[in-house]
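Q: This is the structure alone, sequence omitted:
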């Protein structure tokens, strides 16, 4: 009998994967870089000055209370509560026009079913001559269409952030007819530009911020934010 | 804050539908939900002026004709000689007291005052406190009622750091600590200003003589107090967001009117004092600037019309904000008012083209990370992300001043503990091949200075892989160093073995761990992987299928196949076999015995249910079906199987 000429089974080498939050963060960064933003980064431990004062978040603002923000080393610094201080550093170190995005871990003193003490943000700022709210809307449409496709319905709602004025929150309409909040944005408060030595008679700016976990939950349809951080291989394998 | 639809439309003659008002609220930025004709408002923190019927009606008046016609007490009121000292005028720039004596019985509550309790299901307390609660709902101004017979001597308002014990009017005893703004009588705190009054001077059903306090407290002096003492306080919620500093007399006359409608007033006196006068903010009426902020081209008349409807005065090219709008300070605030009235969604879009600006070249560290990630992923490693909070403290740990709990009071200075926890978590879930990595910044102290490093942690244990070549190979030091040699052979990486004795685990697979300081690695040359070949995940956003929390069960089947044609048929049959309880099927063993012209092939079946712990019976039924089908293929046998 002739010997078998056997083709062995395909050798299945399992590939690993990036964490889904890293994937979404990278996806957002690539999208924004294509629009024209440059990425910058900064430290996760920040001074109160950069994390709050420069951003017009006054000392009495509830976000600065010990129950909302992590303070370290006898209140000398904070774990940054957003990536906005990176923008402050960039504005102080360069002059307009500038279009920058920052992404990374941020910290708030929350730990429950819907909030984690650590999560991720991607924030952007564009400062130039004659930047206005109507242009901000154009940018937001580009971002939201880039994430959710051009079929998605978008609405803008007035909101409040100390560092933007006017401020808006942006919702998308879900398949089951509910409006879901996806990002915050606004015209940079001239007080913030002033703090960064930018001439507000010449320049204005727009800014936006997205929660990476929020986008990941919507895109992947993960209902419990805590699932992202259990490091369960059965979970992580689904995002290869 | 809950507001009844019926209470709003009493003042809007056109009686718009609840849906119509809801739409306008959203346009104005007042988020809410509706249940049983009640708006549950979630207002932004800058709009304290809208925390009332009147406040919301003022905003709605840009869309509807609104008649704010609640009656007030118009008779002259005698001056009250009250024994009061304000020792904190900065915290309380203005305050008024109204002393009312009533006689006889109080009639049943009437009109909107009664509707408030009925429609919002609010519990009644006593006559004066009930009016105070209603007035806060109607006007947005909190008032506090003292039983006048319990106020017997000098009251002072103090910013105190003394550690008083204070019993609230809801009989909760709290220990005041740090700085507090308090009303004090005879060395006893009778009111935590702007938050809640005390039980010792509280009104009761029998109170016939009341002192109503109506104050403006600076938000800075009230913020955080209700959280600090765990007191739920509508007053604090309003003072924190800013109330109208010029409303006192009108509010107290409205209070008095309701008293008058329900009881016989025997005597009434008023005390009003401004310690620091209120300055209105003037903003230049710069039409071009307002239009430029929004990208619009409205004319002066159009802008004036919008602003006047919102209560602003325009005089001599200056905009004067109404006293209740403490949030209005700049032209950007004015632009926001215009945008809200027009509707953010109605502002036409203008194309934004960001000019090509200088960008910093990709950093070596970034390229290094990309290459390392790609290498590890191609070898089956998964990235994990952990928070930095740990219990373990070292000399150079950064300590949190306000940790979530005592187990998370330091920032980690290495990744080992987190990754061991991740590994053990997966071992407990029956994972037998675990390969994880994490890349993150860690922060630490060096000579009292904050420092940070970029770290890579790698942990692995168990089987090398799930294919028939790797299944029986176990991860060891050599396995990991071989992988890292692909990165740079010249660097000697020294993974170490984690001692299982200190871990709560019964397994004995070696745990291999390596931590690398990426900043140090940056200085070495490394073989850059071609960008096209980087094995980084391409995001396809596949819908996530919730994973099971129930244990899995494993069965192995080894076949002997003597006809090579049939071996492929067997392989296809089993690898494509579908059952809702089968989580995974793979070939863990393959051997071609050339002497016997026979193939030995082993399949592993992993069972798991999404709804319950899978039973032996369920597994056996499926396995019997699989065996039946497999053995129906000619030349396929299961050595040693007795049927």
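A: Yep, it's here. What you are looking at is a predicted structure, and each value in this text was computed from that prediction instead of being measured.
Q: do you know how far residue B:150 is from residue B:367?
A: 75 Å (C-beta to C-beta, to the nearest Å). Bear in mind the C-beta positions are built from the backbone N, C-alpha and C, glycine included.
Q: neighbours of residue 39, just the number please.
A: Unless you meant another one, I'm taking chain A. 19 (other C-beta atoms under 10 Å in any protein chain shown).
Q: if you could check chain B rather than the one you did, that'd help
A: Look at residue B:39: counted by other C-beta under 10 Å, it has 22 neighbours.
Q: ok so, going back, who's more crowded, residue B:150 and residue B:367?
A: Shown here are residue B:150 and residue B:367; by other C-beta under 10 Å, residue B:150 has more neighbours (18 against 15).
Q: which one is the more buried one nearest to, not counting chain neighbours?
A: Spatial nearest neighbour of residue B:150, excluding adjacent residues (C-beta to C-beta, 6 or more residues apart in numbering or on different chains): residue B:201 at 4.3 Å.
Q: likewise residue B:343?
A: residue B:27 (4.8 Å).
Q: same question, residue B:463
A: residue B:433 (4.1 Å).
Q: contacting residues for the residue nearest to residue B:150?
A: Counting by C-beta atoms under 8 Å, 6 or more residues apart in numbering or on different chains, residue B:201 touches B:146, B:147, B:150, B:151, B:185, B:190, B:191.
Q: residues touching the fourth one, list them.
A: Shown in contact with residue B:151 (C-beta under 8 Å, 6+ apart): B:185, B:190, B:201, B:211.
Q: and which of the residues you listed is nearest chain A?
A: Closest to chain A out of the contacts of residue B:151 is residue B:190 (25.1 Å), distances taken as C-beta to the nearest C-beta.
Q: any idea how far residue B:298 is from residue B:120?
A: 39 Å.
Q: Any buried residues in stretch B:226-243, and which?
A: B:226, B:228-229, B:231, B:233, B:235-243 (16 or more other C-beta atoms under 10 Å in any protein chain shown).
Q: what sits up against that stretch?
A: A:62, A:65, A:67, B:1, B:43, B:45-49, B:51, B:133, B:136, B:140-142, B:144, B:168, B:172, B:174, B:176, B:178, B:192, B:194-196, B:216-217, B:219, B:222-223, B:225, B:324, B:326-327.
Q: how about the strands of the stretch 1-150 of chain B, start to end?
A: B:2-4, B:31-35, B:38-42, B:78-79, B:84-86, B:94-103, B:144-147 (DSSP state E, counting those that start in this stretch).
Q: surely the residue nearest to residue B:463 meets residue B:467?
A: No. Contact criterion C-beta atoms under 8 Å: residue B:433 and residue B:467 do not qualify, at 10.6 Å.
Q: burial measure for residue B:197, as a count.
A: For residue B:197, using other C-beta under 10 Å, the count is 24.
Q: Select from the contacts of residue B:151 every entry located in strands.
A: Residues of the contacts of residue B:151 located in strands (DSSP state E): B:185, B:190, B:211.
Q: Show the buried residues in those residues.
A: Buried, going by 16+ other C-beta under 10 Å: B:185, B:190, B:211, out of those.
Q: Report the mean confidence score over the longest strand along chain A.
A: Looking across chain A with DSSP E, the single longest strand is strand A:118-129. What strand A:118-129 shows for mean pLDDT is 97.
Q: what about that strand and chain B, any contact?
A: Yes. Residues of strand A:118-129 are located near chain B by C-beta under 8 Å from any C-beta of the partner chain, namely A:118, A:126, A:128.
Q: Next up, the contacts around residue B:144.
A: B:132, B:191, B:197, B:212, B:213, B:235.
Q: Low-confidence ranges, the chain, go.
A: In the absence of a named chain, chain A is used. Applying pLDDT under 70 to chain A flags the ranges A:1-5.
Q: could you do chain B instead?
A: Those would be B:359-362, B:523-539, B:643, if you go by pLDDT under 70 across chain B.
Q: Mind doing that once more with 50?
A: Residues of chain B meeting the criterion pLDDT under 50: none.
Q: contacts for stretch A:142-153?
A: A:27-28, A:31-32, A:35, A:154, A:170, A:172-173, A:182-183, A:208, A:210, A:215, A:218-219, B:352.
Q: that older thread, ok, of the residues of strand A:118-129 next to chain B, which one's closest to chain B?
A: Of the residues of strand A:118-129 next to chain B, the one sitting nearest to chain B (C-beta to the nearest C-beta) turns out to be residue A:118, at 4.1 Å.
Q: Do I have it right that that closest one meets residue A:110?
A: No. Here residue A:118 lies out of contact with residue A:110, judged by C-beta under 8 Å, at a distance of 9.8 Å.
Q: how far does the longest strand of chain A sit from the chain's center?
A: On the basis of C-alpha atoms, centre = their mean, to the nearest Å, strand A:118-129 is displaced by 7 Å from the centre of the chain it belongs to.
Q: Just after it, pick out the following helix or strand.
A: For strand A:118-129, the succeeding helix or strand toward the C-terminus, using DSSP states H and E, is helix A:133-148.
Q: Which parts of that next one count as buried, going by neighbours?
A: So for helix A:133-148, counting by 16+ other C-beta under 10 Å, buried means A:133-144, A:146-148.
Q: got the contact list for residue B:204?
A: Taking C-beta under 8 Å, 6+ apart as the definition, contacts of residue B:204 comprise B:126, B:147.
Q: Next up, identify which helix or strand it is on.
A: Short version, using DSSP H and E: residue B:204 is in no helix or strand.
Q: go on, residue B:236?
A: helix B:234-241.
Q: quick revisit: among the buried ones among the ones in strands among the contacts of residue B:151, which one sits closest to residue A:74?
A: The nearest member of these to residue A:74, counting by C-beta to C-beta, is residue B:190 at 35.5 Å.
Q: Just list the residues touching the closest one, thanks.
A: By C-beta under 8 Å, 6+ apart, the neighbours of residue B:190 are B:146, B:151, B:155, B:183, B:184, B:197, B:198, B:200, B:201.
Q: Nearest to chain A among these?
A: residue B:183 (21.1 Å).
Q: That closest one looks like it's in a strand, true?
A: Yes. Assessed by DSSP: H, G, I helix; E, B strand; the rest coil, residue B:183 belongs to a strand.
Q: Could you give the bridge partners of it?
A: residue B:157, residue B:191 (DSSP bridges).
Q: Correct me if wrong: residue B:452 contacts residue B:443.
A: Yes. The pair residue B:452 / residue B:443 is scored as a contact, 4.8 Å apart, by C-beta under 8 Å.
Q: Right, I'll call it a day here.
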